[in-house]
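S.K.: Structure of the sequence below:
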Amino acid sequence: MVAVTPILETPQVVPPARRPRRPKIWRGAVLGIAAIYFLVPLGASFWYSVYNDQQGFSLSAYLDIFSAEGFGTSMLLSLALAVATIVLVLGLTLPAMLAVRLSAPRLGPVLEVICTLPLVVPPITFVAGISMVLRWGPDYLAATPLWGTLIAIQNETFPVVLVLAYVVLALPFVYRSLDAGLRAIDVRTLVEAARNLGASWPHVVFRVIIPNLRTAIAGASFLTLALVLGEYTIAALLGYRTFPVWIVTISGANGQLSVAVSILSLLLIWLLLLFLSSAGSKRRSTS
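M.R.: Alright, predicted model coming up:
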């Protein structure tokens, strides 16, 4: 007799039923409200800059920007202050954060509190303290070598005192951006591997750490640039004619021109933000 082997039927796996996708209307609603909130004032400002009752529709305000008195000087001054602020704040913050992460992790909360402290100090209080120090300095430092330094940092051609003030204001934003970048990489492993291969500390910082923090450094630089190009209170109260101060000054004589300059500067900052965002996304996709 031939043995009969029973044939086992394989059970059919039934895929779980997919839930029907519900249209998320709230996303469109939020985006629509945000678009109205941002675009309506911008559109009203643009219409004010191109239309008046005497001439009607005209782009003369935008054509007169580059020939306006003081535009080039104030813009170059603000850009120079922005570059100096970016270099100084990154040169102070990045080495301090690396040292804390590698050698003294317990000091991390202390460094965080110090860097975020400017957020709780109003700019008007901050500039009042700077003005008091600048007035007090010549009386008490006249017989010391620091008197010449105090006068030099107030030079109207390039006021270093504004760079120092902007560094303090930019510290919270730079710290958060760099902290997010450092959390995304294993700093200790990268440093130990580079050091074991014989790399010096400058080589480790400029060839290992900084290339892995390009997106974070670019974000910190952009935030600092936007802060310097939009800061008015400190520069105005200290008596320096930066780009925001020039815009407010010229608004009394030519309101359309000041609004046109503000719109162009805002669009320039948005384009820089889009460029940095696209560069960061391309870098992540490539890696």
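S.K.: for the helix or strand encompassing V204, packing partners?
M.R.: Taking DSSP states H and E as the criterion, V204 maps to helix 201-204. Helix 201-204 sits against helix 187-196, with contacts defined as 3 or more Cβ pairs under 8 Å, 6 or more residues apart in numbering; DSSP states H and E. (Each C-beta comes from the backbone N, C-alpha and C, glycine too.)
S.K.: ok, residues contacting the helix it packs on?
M.R.: For helix 187-196, contacts defined as Cβ atoms under 8 Å, 6 or more residues apart in numbering pick out L98, R101, L102, H203, V204, R207, V208, I209, N212.
S.K.: one step back: would you tell me what the next helix or strand after the helix holding V204 is?
M.R.: Next along the chain after helix 201-204, taking DSSP H and E as the criterion, comes helix 210-212.
S.K.: List the buried residues in that following helix.
M.R.: For helix 210-212, burial by neighbour count (16 or more other Cβ atoms under 10 Å) applies to N212.
S.K.: could you point out which element follows it?
M.R.: Scanning forward in sequence from helix 210-212 by DSSP H and E, the next helix or strand is helix 214-230.
S.K.: And that following helix, what does it pack against?
M.R.: helix 71-102, helix 160-183, helix 243-251, helix 255-286.
S.K.: Quick check: mean pLDDT of it?
M.R.: This predicted structure assigns helix 214-230 an average pLDDT of 88.
S.K.: try stretch 245-253
M.R.: Computed over stretch 245-253, the average pLDDT equals 80.
S.K.: nearest residue to V168 other than its sequence neighbours?
M.R.: Distances taken as Cβ to Cβ, 6 or more residues apart in numbering place P118 nearest to V168, at 5.3 Å, with adjacent residues excluded.
S.K.: what's the burial count for the one you found?
M.R.: Under the neighbour criterion other Cβ atoms under 10 Å, P118 is assigned a count of 17.
S.K.: Next, the contact list for it, please.
M.R.: P118 neighbours (Cβ under 8 Å, 6+ apart): F126, V168, L169, L171, P172.
S.K.: A helix includes it, no?
M.R.: Yes: judged by DSSP: H, G, I helix; E, B strand; the rest coil, P118 forms part of a helix.
S.K.: measure it to Y166 for me?
M.R.: 11 Å (Cβ to Cβ, to the nearest Å).
S.K.: Then L272?
M.R.: Taking Cβ to Cβ, one finds L272 at 17 Å from Y166.
S.K.: what about stretch 227-244, start to end distance?
M.R.: 11 Å (Cα to Cα, to the nearest Å).
S.K.: how about low-confidence regions in the stretch 151-287 of the chain?
M.R.: For the stretch 151-287 of the chain, the stretches with pLDDT under 70 are 276-287.
S.K.: burial measure for V121, as a count.
M.R.: Close neighbours of V121, defined as other Cβ under 10 Å, add up to 12.
S.K.: hmm, back to that, who has more neighbours out of L272 and Y166?
M.R.: The residue with more neighbours, out of L272 and Y166, is Y166; 23 against 15, by other Cβ under 10 Å.
S.K.: residues in contact with the more buried one?
M.R.: So, once contact is read as Cβ under 8 Å, 6+ apart, Y166 ends up touching L81, A82, T85, V89, T224, L227, V228, E231, I234.
S.K.: just to revisit the earlier point, go ahead and name everything in contact with the helix holding V204.
M.R.: Taking Cβ under 8 Å, 6+ apart as the rule, helix 201-204 contacts L190, V191, A194, R195.
S.K.: What are the buried residues along that helix?
M.R.: V204.
S.K.: re the thing from before, may I ask which two of the contacts of Y166 are separated the most?
M.R.: Farthest pair in those (Cβ to Cβ) is V89 and I234. Separation: 15.3 Å.
S.K.: Looking at those two, which has the bigger crowd around it?
M.R.: Neighbour totals were compared for V89 and I234, and V89 leads with 25 against 22 (other Cβ under 10 Å).
S.K.: now the residue most central in space within the chain: how far from T233?
M.R.: Of all residues in the chain, the one closest to the mean position by Cα atoms, centre = their mean is L223, 0.5 Å from it. To T233, L223 is 18 Å away according to Cβ to Cβ.
S.K.: next one: A34
M.R.: Applying Cβ to Cβ to A34 and T233 gives a distance of 27 Å.
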